[in-house]
Each structure stands twice: as C-alpha cells, then as structure tokens.
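Novice: fold the following for me, if possible:
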Amino acid sequence: MRSERVKVFGIPFLVFVATFLIWEWSAINSDIPEFLFPRPSAVAIELYDKLPFFLGHLAITMKTAVIGYFIANTLSFVTAVVFVHSKKMELAFYPYVIGLKIAPILALSPFVVLLLGI
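Specialist: Residues are numbered from 1 along each chain as shown. I've put the predicted structure just below:
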C-alpha cells in the first residue's frame, strides 16, 4: 500500500523537483539572457509579486470561458435536436459538421478571429 503511494505520488514529485533544479542550475550557468531563459525561482517571485493583477485577469478569463462553454453547449444541443427531427437539415449540414469536426481547433482559430473581428 505504502510502496504503491510512493510510486504514484513520490516518483512524479521527485521528477518534478529534479526538473526545476536542473532548470534553475541551467539558467544560472548558461550564457542565455534571462528574458529568454528565466530561472523558475524568478518566475515564482514575479508571479507572487503580481498575484492581484493575475487574479483580476483570471476572473475575466474564467467568466469568458464559462460563457463560451454555455453558448457552445446550447448551440450543440439545438443542432442535435434539429438533426434528429429534420432529416433534410441533417442531409444539408452534416458534411459541414464533419468538416469542422476533423479540422484541428487551432487551425480554425484564425477564421474565428476574422469572423468575429476580435
């Protein structure tokens, strides 16, 4: 039981700590400018110092994400209901739905930006 916990939590934690120690050491001992390769400790200090700023933006981002989630789910539900009850609508729009489904989301993001004017 205890050895299983060590495998599940202890080993990944040690790898996490070792990664950050190697990163810290590499950042200190390299000739790469700090703005390109910052130390993890410097990033943590900066994050702590500007925490209120980030939390304010986190609230705005979460609000936008939740609104987008509900809009997407509502549109998906309505589309599913229309497809189930209207065979003509399904036949007309199904190829476009499949086309959207197979395209990677990141590839579609520039089109969304253009479409919405963001």
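Novice: the longest helix in this protein is where?
Specialist: For the chain, the helix reaching the highest residue count under DSSP state H is reported as helix 51-85.
Novice: centre of the chain versus that one, how much separation?
Specialist: From the chain centre to the centre of helix 51-85 is a distance of 14 Å (CA atoms, centre = their mean, to the nearest Å).
Novice: let me know the next secondary structure element after that helix.
Specialist: Toward the C-terminal end, the helix or strand that comes next after helix 51-85 (DSSP states H and E) is helix 87-102.
Novice: could you dump that following helix to PDB, C-alpha only?
Specialist: What follows is helix 87-102, C-alpha atoms only, in PDB (Å, rounded to 0.1, in the frame of the first residue of the first chain):
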ATOM      1  CA  LYS A  87     -33.700  14.700 -42.000                       C
ATOM      2  CA  LYS A  88     -33.400  17.500 -44.600                       C
ATOM      3  CA  MET A  89     -31.400  19.700 -42.300                       C
ATOM      4  CA  GLU A  90     -29.200  16.800 -41.400                       C
ATOM      5  CA  LEU A  91     -28.500  16.000 -45.000                       C
ATOM      6  CA  ALA A  92     -27.800  19.700 -45.800                       C
ATOM      7  CA  PHE A  93     -25.400  20.500 -43.000                       C
ATOM      8  CA  TYR A  94     -23.900  17.100 -42.000                       C
ATOM      9  CA  PRO A  95     -20.900  17.400 -44.400                       C
ATOM     10  CA  TYR A  96     -20.000  20.800 -42.900                       C
ATOM     11  CA  VAL A  97     -20.300  19.400 -39.300                       C
ATOM     12  CA  ILE A  98     -17.900  16.600 -40.300                       C
ATOM     13  CA  GLY A  99     -15.600  19.100 -41.900                       C
ATOM     14  CA  LEU A 100     -15.500  21.100 -38.700                       C
ATOM     15  CA  LYS A 101     -15.000  18.000 -36.600                       C
ATOM     16  CA  ILE A 102     -11.900  16.800 -38.500                       C
END
